[in-house]
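> Any chance you could fold what I've pasted below:
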Amino acid sequence: MHELSVCLSLLREVERIAREHNAARVTRIVVTLGPLSGVEPGLLQNAYPLAVAGSVAEDAEFVIDVSDIVVRCSQCGAESPAKPNRLLCASCGDYRTNLVSGDEMVLQSLELDEIGSATAG
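Now for the predicted structure:
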C-alpha cells in the first residue's frame, strides 16, 4: 500500500515543522488531495494511524479535503471543472486543455501545541 509511504513522508514534514515551532504535539493536520494525485483518500485515512503511532501527531485529527479537477482551455482560455477521464473544456468542448488543479497533494495546515502550553492530565 503506497499510501503508507505517503503518510510516512507527510509525517516527516509534519515533525520537521513541529520541531521548528517547538511544538509538543500536533493536534490537527489538513491535507488537500486531488483526484488525479494517485493517492486514494480512504486508503490514506486508513494508513494514517499506522504512520503516526508514537509520534508528535499520534492524537492529531487528520482531515483530507478533496480538491476539484480544473482545466484551462488552450483554445478559448476558459477555466472549467472536468472529470478524471474527460479533461475537456466545459465552454467550447475542446480537448486541448491544461490541468490547473486536481493532481496535487498539499499539506494545507497544521495546528500545534507549543511545549509550554501542553497540560498534564
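> Please make it C-alpha for all contacts and neighbour counts, starting now.
Will do.
> Show me where the chain dips below the pLDDT cut-off.
1, 115-121 (pLDDT under 70).
> Counting by contacts, list what the longest helix seen in the chain packs against.
Secondary structure of the chain per DSSP state H: the longest helix is helix 2-20. Applying 3 or more CA pairs under 8 Å, 6 or more residues apart in numbering; DSSP states H and E, one finds that helix 2-20 contacts strand 23-33, helix 41-52, strand 105-114.
> what comes up buried for the longest one?
Just to be clear, that refers to helix 41-52. Using 16 or more other CA atoms under 10 Å as the test for burial, helix 41-52 gives Pro41, Leu44, Gln45, Ala47, Tyr48, Pro49, Ala51, Val52.
> May I see those organised as a markdown table, with distance to His2 added?
A markdown table is the format used below for the buried residues of helix 41-52 (distance: CA to CA, whole Å):
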| residue | distance to His2 |
| --- | --- |
| Pro41 | 12 |
| Leu44 | 9 |
| Gln45 | 12 |
| Ala47 | 9 |
| Tyr48 | 12 |
| Pro49 | 15 |
| Ala51 | 12 |
| Val52 | 15 |
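> So which residues make contact with stretch 96-115?
With contact meaning CA atoms under 8 Å, 6 or more residues apart in numbering, stretch 96-115 is reached by 10, 14, 18, 21-38, 67-75, 87-89.
> Only the buried members of these: can you turn that into a PyMOL selection?
Selection of the buried residues among the contacts of stretch 96-115 in PyMOL, burial being defined by 16+ other CA under 10 Å:
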select buried, resi 10+14+18+23+24+25+26+27+28+29+30+31+32+33+34+35+36+67+68+69+70+71+72+73+87+88+89
